[in-house]
Structure formats: C-alpha cells, structure tokens
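Q: sequence? don't have it. structure:
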C-alpha cells in the first residue's frame with residue numbers, strides 16, 4: 001500500500017514534491033507510527049531551497065519533528081503497545097559502540113543519521129522508528145503541540161545545558177526564528193531578563209517573542225546590553241543563520257561572559273577572534289539533544305510551564321505542504337505544522 005509523502009528528491013532549489021511512497025516495513029526493534037502531526041523545520045526549508053550544509057540521502061521523505069500513535073510493534077520491542085501516544089527523537093541511526101553513544105551523547109556520534117535527511121522522515125502517513133528513541137506523551141497534550149518537543153529540546157540544550165544562566169542575568173538572543181524564540185522562552189524560565197534581536201522584516205515573529213516576556217530590539221542591542229555597569233550582557237544565545245552574528249555577540253557580551261551558539265551559518269567568519277581571548281569569553285556550540293532532555297521538555301509542555309501555542313502559525317493538510325513551507329519561509333508564521 002502506498003501513501004503520499006513530501007519528498008526531497010535532488011540537490012537543487014525546489015526539488016520537493018508530493019509523491020507516492022510504500023508503507024514502511026519495520027524491523028524487530030522498531031515500531032510503526034501513524035503520524036499525528038509533523039512540524040516544518042528550518043532545515044526542511046533549507047533542503048527545499050538547496051542552501052543546506054549537510055549531506056542528504058536523496059530521495060528522502062522530509063520531517064523530523066513529529067508525534068503519533070503506535071500501530072505496529074517489532075517482535076523484540078518491549079514496554080510499548082499499539083495505540084500508545086508518542087514522540088520520537090531524531091537520531092534514527094547511531095553506532096551503539098561509539099564512545100559518545102556509550103556516554104549517552106549519541107546526538108554527537110559522528111555516524112548518526114537523522115530523519116528527513118539520512119532516512120525517511122514523517123511528512124507522510126506512517127514512519128518507522130527505533131523503539132529506543134520513543135517517549136510517551138500524555139493524553140491532554142495535542143499532537144500538533146507534541147510534535148514540537150524536538151525544537152524545544154534544541155532550545156533546552158542550548159540554554160539550560162550549554163549556557164549558565166542565573167536569575168537576574170541579562171541575556172541577548174540573536175535571531176527570532178523558531179529556535180531563537182524558544183531559546184528566549186527557556187531563558188525566561190531560567191530567570192533571565194531577555195532581549196531578542198531581529199530585523200525590520202522579522203516584525204511578526206518578534207511580536208510573538210514579546211508574548212514570552214522578552215524585550216524586542218531591532219538590529220542593534222548595544223544600548224540594552226550596556227544597561228547597568230556598561231560592560232555588556234551576561235550571555236548571548238546566537239540562534240541566527242549567519243556567521244556574522246557571532247561578531248555581534250562578541251561585542252555585546254561582557255568580559256568573562258558566555259556565548260551559546262546554536263544557529264548554523266556556513267559562511268566564513270571573516271573577522272578577528274581576538275575579542276574572544278581579550279574578554280575571556282566562553283564560546284559554546286550546541287547541537288541536538290538526548291534522552292533526559294526530551295523527558296524534561298515533555299514535562300514542561302505537559303505542565304504548561306512552557307506554552308508552545310504562540311509559535312504555531314497554522315496547521316495544514318499534507319497536500320498543502322508548499323503553502324505551509326512558503327508561509328514559514330516568508331516569515332508570515334514562526335512555525336508551520338502539517339497533519340498527514
């Protein structure tokens with residue numbers, strides 16, 4: 001039996017289309033999920049426009065932010081039942097013998113392959129998932145919210161695990177995309193006073209960031225960062241997709257401060273890193289997430305401590321994937337969600 005899927009079929013702009021794909025067959029350690037909802041990520045858009053910087057296994061079904069219900073269980077899977085409501089992590093393929101995997105840091109395993117670029121993702125009716133990366137979700141958490149656990153985990157890792165926020169800290173977030181806004185929301189939960197910086201064309205997304213209690217700044221946050229003793233803000237979260245924002249971060253942060261960089265930018269830096277040394281700044285990269293982060297984020301969403309609703313700009317049927325992509329790409333919405 002075939003199902004419709006949003007497929008990225010070549011390394012060229014616009015090489016995404018709705019295709020018929022066979023229903024996946026699961027292995028003995030996998031489950032088959034009927035997809036409830038799937039979020040559109042910035043990386044899906046980058047593969048659509050062909051300006052991504054990672055290898056893709058063409059053709060591939062897009063979608064790595066998803067929730068669903070188990071409809072089939074592999075013969076060696078224990079602890080799961082048909083009908084269970086779940087979300088899935090993104091590390092579809094990892095090496096169990098990699099030293100990082102053995103430390104629980106499988107997200108950093110160099111052989112890792114994820115949904116939507118390395119293996120088929122969830123922009124379709126059914127997706128096969130290793131049981132090891134499943135997490136239960138409560139009945140009261142709707143699928144269209146639960147599918148966004150993944151970007152929330154990216155933000156949690158960047159803000160909670162890879163930064164050092166204390167209540168009262170002044171934090172600047174660069175870039176009001178999905179991850180930037182969620183990072184700002186996480187920083188607020190940590191007790192930080194947060195400003196988020198964008199460009200005039202980001203007005204709609206910045207207004208959504210305001211609902212999380214953030215100060216909104218266009219282009220230059222120097223004055224806000226200097227409030228107080230004039231030395232700069234305590235920390236910067238760089239969630240923008242351009243390398244030049246790191247230079248801005250180095251200017252904004254105070255001596256002995258920190259920068260958590262979660263935004264991808266393939267361009268060369270083209271500027272001097274001496275301020276990093278002179279100001280004794282900690283520069284920390286942040287990539288992906290692992291098991292305990294997912295469990296914490298699910299609790300944050302289920303308890304209402306983190307409200308994901310403000311960033312959801314709409315829910316589209318799968319056949320209207322292009323409209324959902326375009327709305328998000330243009331900045332009209334922060335996050336588009338598809339319902340297969």
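A: Arrived safely. Keep in mind that this is a model prediction, so the values were computed, not measured.

Q: For the closest residue to residue 22 other than its chain neighbours, give me its contacts.
A: Excluding the flanking residues, the one nearest residue 22 by CB to CB, 6 or more residues apart in numbering is residue 2, at 5.6 Å. Backbone N, C-alpha and C define where each C-beta goes, glycine included. Applying CB atoms under 8 Å, 6 or more residues apart in numbering, one finds that residue 2 lies in contact with 20-23.

Q: Please report how far residue 2 lies from residue 15.
A: Per CB to CB, to the nearest Å, residue 2 is found 20 Å from residue 15.

Q: Residue 319 now?
A: When CB to CB is applied, the distance between residue 319 and residue 15 equals 18 Å.

Q: Show me which of the two is the more surrounded one.
A: residue 15 (16 against 12; other CB atoms under 10 Å).

Q: right, and the more buried one touches residue 49 too?
A: No - here residue 15 lies out of contact with residue 49, judged by CB atoms under 8 Å, at a distance of 9.7 Å.

Q: hmm, back to that, got the phi/psi numbers for the residue nearest to residue 22?
A: Listed backbone geometry of residue 2 is phi -100, psi 150, with angles given as degrees, to the nearest 10.

Q: what about the residue lying closest to residue 66 once chain neighbours are set aside, how many residues close to it?
A: When the adjacent residues along the chain are set aside, residue 66 lies closest to residue 122, with 3.6 Å between them (CB to CB, 6+ apart). Neighbour count for residue 122, taken as other CB under 10 Å: 31.

Q: What residues does residue 122 make contact with?
A: Applying CB under 8 Å, 6+ apart to residue 122 gives the contacts 33, 35, 38, 61, 63-66, 68, 88, 115-116, 340.

Q: Let me see the ranges of the helices in the stretch 1-150 of the chain.
A: Using DSSP state H, counting those that start in this stretch, the helices found in the stretch 1-150 of the chain span residues 42-49, 99-102, 143-146, 149-156.

Q: Packing partners of the last one?
A: Other elements packing on helix 149-156 under the criterion 3 or more CB pairs under 8 Å, 6 or more residues apart in numbering; DSSP states H and E are strand 65-73, helix 178-189, helix 291-303.

Q: could I get those as JSON lines with distance to residue 209 and mean pLDDT?
A: What follows is the helices and strands packed on helix 149-156, written out as JSON lines (distance: least, CB to CB, whole Å; pLDDT from 0 to 100):
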{"stretch": "strand 65-73", "distance to residue 209": "20", "mean pLDDT": "98"}
{"stretch": "helix 178-189", "distance to residue 209": "5", "mean pLDDT": "98"}
{"stretch": "helix 291-303", "distance to residue 209": "18", "mean pLDDT": "98"}
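
Q: Can you tell me which of the ones you listed is packed in deepest?
A: Per-stretch averages of neighbours, counted by mean count of other CB atoms under 10 Å, single out helix 178-189 among the helices and strands packed on helix 149-156, with a mean of 27.

Q: Now the element after that one, going C-ward?
A: Moving toward the C-terminus from helix 178-189, the next helix or strand (DSSP states H and E) is strand 193-198.

Q: Looking at residue 243 now. What's its pLDDT?
A: In this model, residue 243 is scored at 86, pLDDT.

Q: What residues does the residue lying closest to it once chain neighbours are set aside make contact with?
A: Distances taken as CB to CB, 6+ apart place residue 265 nearest to residue 243, at 3.8 Å, with adjacent residues excluded. Shown in contact with residue 265 (CB under 8 Å, 6+ apart): 240-246.

Q: With residue 163 instead?
A: With contact set as CB under 8 Å, 6+ apart, residue 163 has these partners: 187, 235, 237, 258, 260, 284.

Q: Residue 311: which of these is nearest?
A: Within the contacts of residue 163, proximity to residue 311 (CB to CB) peaks at residue 187, which comes in at 15.2 Å.

Q: measure the closest one to residue 222 for me?
A: Taken as CB to CB, the spacing of residue 187 relative to residue 222 amounts to 19 Å.

Q: now do residue 62
A: Applying CB to CB, one obtains 39 Å for the distance of residue 62 from residue 222.
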